[in-house]
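Visitor: next come a sequence and a model predicted from it.
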Amino acid sequence: MQDFQAKPYYKDSEHFKTFWSKGNGKLLQEWSGAELSFKDWDKFAPYFYQCDEVGDQVVKDVYFKSSFAEATSTIKNYIENGVDYNDLEIAESLKVLFKQTENIPDWLDWNLIEKGSEVCQIAGLNALIILRDYVLMGGYDYAYLNKPIILTGALKKGAVKRLADTLNFWVNVTRKDALQVHKKGYGFCITTRLIHSYSRLMILEKNKNWDTKNWGLPINSWDMMATYIGFSLMFLHGLQKLEVQITDEDEAGLFHLWKYIGYLIGIPNEILPNDKKEATEFFFMWTAT
């Protein structure tokens, strides 16, 4: 791939300035105490052209070498039962994927994960309202982010279908103990990760006019970061807007939960925020693309 450098092309545009000076961006900054700047731009910009290469290789080794149904069955078996790392018949990429996802990172705190899960569950109907009207619909404001969704045909069955799919994912990854290795939420993370890789490879193969320089790679790591900020930062901000009382421990738990989900789904740790201040600062830079 050509060596591209992402630029904050839209930082002087009217919609960017309005969002951060008068709109929800201003509210996010005031609420989070974020310090908005582009000083860390060079740290984040490369992720516009980076993706989950491990997931992509699994798709090439498994999905592209058998029928989709057979590949899905194979992955399901490994999710539920693990991989035999001594089996020479198993693709090396699969061993890499499951070694990473079965390895519990040193920073993981299961008590915080449980607290984050509790926040999602006690939010009740408020959670559904926020996910639909603030997180998902808000995401449609970002044109480049939505190009892969359009090109894969994910919206052809209607926005309700996508809402249902998103909700199904959210419910299954936020339940109690769902992210334990081989459990249902863990499985949803792995299958979603591979769906992203499959979609990315198909988009690049079938759409020769994909403008990588300006749009980034399809479903790139930076866009994935922004998507998961929707489930953490925007979700919390939605609760705050609805005057639901959230403690500091609740906030820490929710961010920790989505950091681990992001880890399982292949987002680099260094761009997964730990709190609302970091998340708002990360989101500010991303919106300039």
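Guide: Looks like it came in fine.

Visitor: secondary structure element for residue 243?
Guide: Taking DSSP states H and E as the definition, one finds residue 243 inside no helix or strand.

Visitor: residue 182 contacts residue 78, correct?
Guide: No: assessed by Cβ atoms under 8 Å, residue 182 is found out of contact with residue 78, at 9.5 Å. (Glycine included, C-beta is placed from N, CA and C.)

Visitor: and these two? Which one has more around it.
Guide: Just comparing residue 182 and residue 78: by other Cβ atoms under 10 Å the higher neighbour count belongs to residue 78, 20 against 13.

Visitor: who are the neighbours in contact with that one?
Guide: For residue 78, the contact set (Cβ atoms under 8 Å, 6 or more residues apart in numbering) comprises 94, 98.

Visitor: again, only using 10 Å
Guide: Listed by Cβ atoms under 10 Å, 6 or more residues apart in numbering, the contact set of residue 78 reads 58, 62, 84, 90, 94, 95, 97, 98, 182, 187, 190.

Visitor: now the residues you listed in TSV, with distance to residue 199, secondary structure and pLDDT?
Guide: Converted to TSV, the contacts of residue 78 look like this (distance: Cβ to Cβ, whole Å; DSSP: H, G, I helix; E, B strand; the rest coil; pLDDT from 0 to 100):
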residue	distance to residue 199	secondary structure	pLDDT
58	14	helix	98
62	15	coil	97
84	29	coil	94
90	24	coil	95
94	19	helix	97
95	23	helix	97
97	17	helix	98
98	21	helix	97
182	25	coil	96
187	18	helix	97
190	15	helix	97
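
Visitor: of all the residues you listed, which comes closest to residue 215?
Guide: Nearest to residue 215, judged by Cβ to Cβ, of these is residue 58 at 24.1 Å.

Visitor: report how many residues lie close to that closest one.
Guide: Residues contacting residue 58 under the criterion other Cβ under 10 Å number 28.

Visitor: repeat for residue 186
Guide: Neighbourhood size, residue 186 [other Cβ under 10 Å]: 23.

Visitor: tell me which element it falls in.
Guide: Residue 186 belongs to helix 184-206 when elements are defined using DSSP H and E.

Visitor: and that helix, how far out from the chain middle?
Guide: Helix 184-206 sits 12 Å away from the centroid of its parent chain (Cα atoms, centre = their mean, to the nearest Å).

Visitor: and the helix or strand just after that helix, how far out from the chain middle?
Guide: On the C-terminal side of helix 184-206, the closest following helix or strand by DSSP H and E is helix 212-215. Mean-position distance between helix 212-215 and its chain equals 19 Å (Cα atoms, centre = their mean).

Visitor: skip ahead from helix 212-215 and say which helix or strand is next.
Guide: Next along from helix 212-215, by DSSP H and E: helix 221-229.

Visitor: give me the mean pLDDT for the helix or strand following that following helix.
Guide: Remark: after helix 221-229, the chain's next helix or strand is helix 235-241, criterion DSSP H and E. For helix 235-241, mean pLDDT rounds to 96.

Visitor: rewinding a little: okay, the angle between the helix holding residue 186 and helix 221-229?
Guide: If you take axes from the mean of the first three to the mean of the last three Cα atoms, to 10 degrees, helix 184-206 sits at 140 degrees to helix 221-229.

Visitor: so what does helix 184-206 touch, helix or strand wise?
Guide: If you count contacts as 3 or more Cβ pairs under 10 Å, 6 or more residues apart in numbering; DSSP states H and E, helix 184-206 packs onto helix 53-61, helix 68-81, helix 92-102, helix 143-151, helix 159-173, helix 221-229, helix 248-264.

Visitor: reformat those helices as a markdown table; add distance to residue 44.
Guide: As requested, those are exported to a markdown table (distance: least, Cβ to Cβ, whole Å):
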| stretch | distance to residue 44 |
| --- | --- |
| helix 53-61 | 18 |
| helix 68-81 | 31 |
| helix 92-102 | 22 |
| helix 143-151 | 15 |
| helix 159-173 | 25 |
| helix 221-229 | 6 |
| helix 248-264 | 15 |
